[in-house]
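Novice: Have a look at this prediction, sequence included:
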Amino acid sequence: MKEYEGKKPALVIGGTAQDFLGEYMAGGTVILLDLKGQGHRANFIGSGMHGGTIYLRGLVNRSQVSEQVEISPIDEADRGILDQYVSGFIEKFPDLELIPEEVLKDDFVKLIPRSKRPYSDLYTY
């Protein structure tokens, strides 16, 4: 996923994901809601990630996340982003009978790349 000329893609997933979520992600926003409460079991999350943000509802172990990715708590700006996208997701799926405030009250973590060029050491002389 990549941003282009001010266009910022967003992907909201009601469940969880499998290994390599966000691999080589170059921009945009991915949100995993884990609505069934299964917990995040994916490994290698964010491998090669060099742009964008991944938000996970619930917790993730450091061992599941690529070394190139930083795990941090969300702030008020992140809450605003989550509110916008989660509310839109819930509007599009009324059969789920979800209330945005109920989903958003839970803990979220933010995954962001540590570097804009994670493999620069491999390809430079």
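Specialist: Yep, that arrived.
Novice: all contacts plus neighbour counts: C-alpha atoms, from now on.
Specialist: Fine.
Novice: give the contact list for residue 42.
Specialist: Contact analysis of residue 42 by Cα atoms under 8 Å, 6 or more residues apart in numbering lists 17, 18, 19, 20, 21, 64.
Novice: Going through those, which ones are buried?
Specialist: 17, 19, 20, 21, 64 (16 or more other Cα atoms under 10 Å).
Novice: Going by distance to residue 33, which of those residues wins?
Specialist: Nearest to residue 33 among the buried ones among the contacts of residue 42: residue 17, at 10.0 Å, using Cα to Cα.
Novice: where's the closest one relative to residue 46, distance?
Specialist: Computed as Cα to Cα, to the nearest Å, the residue 17 to residue 46 distance reads 12 Å.
Novice: Please apply the same query to residue 58.
Specialist: 17 Å.
Novice: Settle it for me: which of those two has more neighbours?
Specialist: More neighbours surround residue 46 than the other of residue 58 and residue 46, with 27 against 16 (other Cα atoms under 10 Å).
Novice: So that one is in contact with residue 22, correct?
Specialist: Yes: with contact defined as Cα atoms under 8 Å, residue 46 counts as touching residue 22 (4.7 Å).
Novice: all helices of this protein, in order?
Specialist: 76-92, 100-104, 120-123 (DSSP state H).
Novice: can you put these in CSV and add mean neighbour count, mean pLDDT and distance to residue 114?
Specialist: Listed next are those as CSV, based on neighbours: other Cα atoms under 10 Å; pLDDT from 0 to 100; distance: least, Cα to Cα, whole Å:
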stretch, mean neighbour count, mean pLDDT, distance to residue 114
helix 76-92, 15, 97, 18
helix 100-104, 14, 95, 26
helix 120-123, 8, 57, 13
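Novice: Output those helices in JSON lines, with distance to residue 35 appended to each entry.
Specialist: Output for the helices of the chain, formatted as JSON lines (distance: least, Cα to Cα, whole Å):
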{"stretch": "helix 76-92", "distance to residue 35": "11"}
{"stretch": "helix 100-104", "distance to residue 35": "8"}
{"stretch": "helix 120-123", "distance to residue 35": "37"}
